[in-house]
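Chemist: my questions are about this predicted structure, shown below with the sequence.
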Amino acid sequence: MTLTLADILRARQVLRGRADATPLVPSPFMSARTGTPFLLKLENMQPIGAFKLRGALSAVAALPEGTAGVTCCSTGNHGRGVAFSAAERGLRAVICMSELVPQAKVDGIRALGAEVRIRGQSQDDALAESRRLVAEEGLVEISPFDDPQVIAGQGTIGLEMLEARPDLQTLLVPLSGGGLAAGVALAAKAIKPGIRVVGITMERGAAMAASIAAGHPVEVEEVASLADSLGGGIGAGNRLSFPLCRDLLDETVLVSEEEIYHAMQVLYYEDRIVAEGACVVGLAACLSGKLEPEGPTATIITGRNPDMGLFTRVITGQDVVLGDLTVKGHPYGT
Ligand SMILES: *Cc1c(COP(=O)(O)O)cnc(C)c1O
């Protein structure tokens, strides 16, 4: 199965007026630091607080009449998008998540009327529960990243960025299961083949980067991270997001928890944006010197649903404990 720009253009029709046209704004601080125009695509302003609404609306719209209901595994934001989209269509939704998912995300999903199942310590455990619901209750599973409709929905972000700024030369895309990066890279390279698209993720649990390096999907251990939305594997049977990311991403860059911590402070104090750790990996890669942006550059601020207790600790410069790792706190600017 191949996915093309035409699929992304079709998804755009579904999203029109519901989950589209988020602002693309300059970051004066990041522009000064990198010496090139640096822009932020504000997907944190979506109705559910994250870009995942695009893929979820696109996938739910494609379901046939008479669908019994939907289920998915999620690190939180996909579940919220599916819950929102299913409620709009009057469908039952059961969202399966692991114990690593912040409570704020669980509460947000329940508030949309979906059922929540918490299972185990990893996305694999959550996925097993979702698969059981498909087999036993006839629900339809919507993958957070390995689904053509989901990838097409996320790809509309790439269309919007290049329409707003045709001069963009580098796109920095937070990377987990790769639905976002696959869609954005597909759209961007269809419009502008020479554009550089970089996938960025955390060092702790970088499943897609490890899979690209190995040449096939591999499993990595899932551990706590400031970028909790980037957790989880890519699925041993990955059909779409893995080959697309392998073929379309120019490179992948990994950032440390310390670098994410600092970049969360930068985005908050310099751009005054409340966002998850997952959103700032593009900033972190540039601020750490691991990535040199060339020409006008944009990154995607993917979501605003952090655990607020954790977020407050980072912003006020306190230590953060992530499983066996303690990120040493420091007030911003020190
Ligand atoms: C899901 C998610 C990502 C990563 O998207 P993938 O399609 O899984 O690569 C990044 N940021 C946030 C906030 C997310 O919820």
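Modeler: That came through fine.

Chemist: got the end-to-end distance for stretch 213-222?
Modeler: Taking Cα to Cα, to the nearest Å as the measure, stretch 213-222 stretches 18 Å from start to finish.

Chemist: try stretch 241-258
Modeler: Stretch 241-258 has an end-to-end distance of 28 Å (criterion: Cα to Cα).

Chemist: and it with the ligand, contact?
Modeler: No. Shown here: stretch 241-258 not in contact with the ligand (Cβ under 6 Å from any ligand atom), separated by at least 6.9 Å. The C-beta positions use only the backbone N, C-alpha and C, and glycine is treated the same way.

Chemist: so for that stretch, what's the average pLDDT?
Modeler: On average, the pLDDT along stretch 241-258 is 98.

Chemist: close to the ligand: what parts of the stretch 51-200 of the chain are there?
Modeler: So the stretch 51-200 of the chain meets the ligand at Lys52, Asn77, Pro144, Phe145, Pro174, Leu175, Ser176, Gly177, Gly178, Gly179, Leu180, Ala181 (Cβ under 6 Å from any ligand atom).

Chemist: how about stretch 12-27: buried residues?
Modeler: Using 16 or more other Cβ atoms under 10 Å as the test for burial, stretch 12-27 gives Arg12, Val14, Leu15, Ala19, Asp20, Thr22, Leu24, Ser27.

Chemist: a markdown table for those, including secondary structure?
Modeler: Shown next, in a markdown table, are the buried residues of stretch 12-27 (DSSP: H, G, I helix; E, B strand; the rest coil):
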| residue | secondary structure |
| --- | --- |
| Arg12 | helix |
| Val14 | helix |
| Leu15 | helix |
| Ala19 | coil |
| Asp20 | coil |
| Thr22 | coil |
| Leu24 | strand |
| Ser27 | coil |
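
Chemist: out of these, which are close to the ligand?
Modeler: Near the ligand, by the rule Cβ under 6 Å from any ligand atom, you find none of those.

Chemist: so which of the residues of the stretch 51-200 of the chain next to the ligand are in strands?
Modeler: Cross-referencing those against strands under DSSP state E gives Pro174.

Chemist: how about the closest residue to the ligand within the stretch 1-150 of the chain: what's its closest non-neighbour residue?
Modeler: For the stretch 1-150 of the chain and the ligand, the shortest gap (Cβ to the nearest ligand atom) falls at Asn77, measuring 3.3 Å. Spatial nearest neighbour of Asn77, excluding adjacent residues (Cβ to Cβ, 6 or more residues apart in numbering): Ala50 at 3.9 Å.

Chemist: try Phe311
Modeler: Nearest to Phe311 is Val274, by Cβ to Cβ, 6+ apart, at 6.9 Å.

Chemist: for the stretch 201-334 of the chain, which segments count as helices?
Modeler: For the stretch 201-334 of the chain, applying DSSP state H, counting those that start in this stretch gives helices covering 207-214, 241-248, 257-271, 281-287, 308-315.

Chemist: Ala187: which of the ones you listed is closest?
Modeler: Closest approach to Ala187 among the helices of the stretch 201-334 of the chain is made by helix 241-248 (10.1 Å; Cβ to Cβ).

Chemist: just to check, the residue nearest to Phe311 is in contact with Asp307?
Modeler: No. Counting by Cβ atoms under 8 Å, Val274 does not reach Asp307; the two are 11.8 Å apart.

Chemist: wait, Ala278 sits on Asn305?
Modeler: No. Using Cβ under 8 Å as the test, Ala278 is too far from Asn305 to be in contact (9.7 Å).

Chemist: of those two, which one has the most company?
Modeler: Neighbour totals were compared for Ala278 and Asn305, and Ala278 leads with 29 against 25 (other Cβ atoms under 10 Å).
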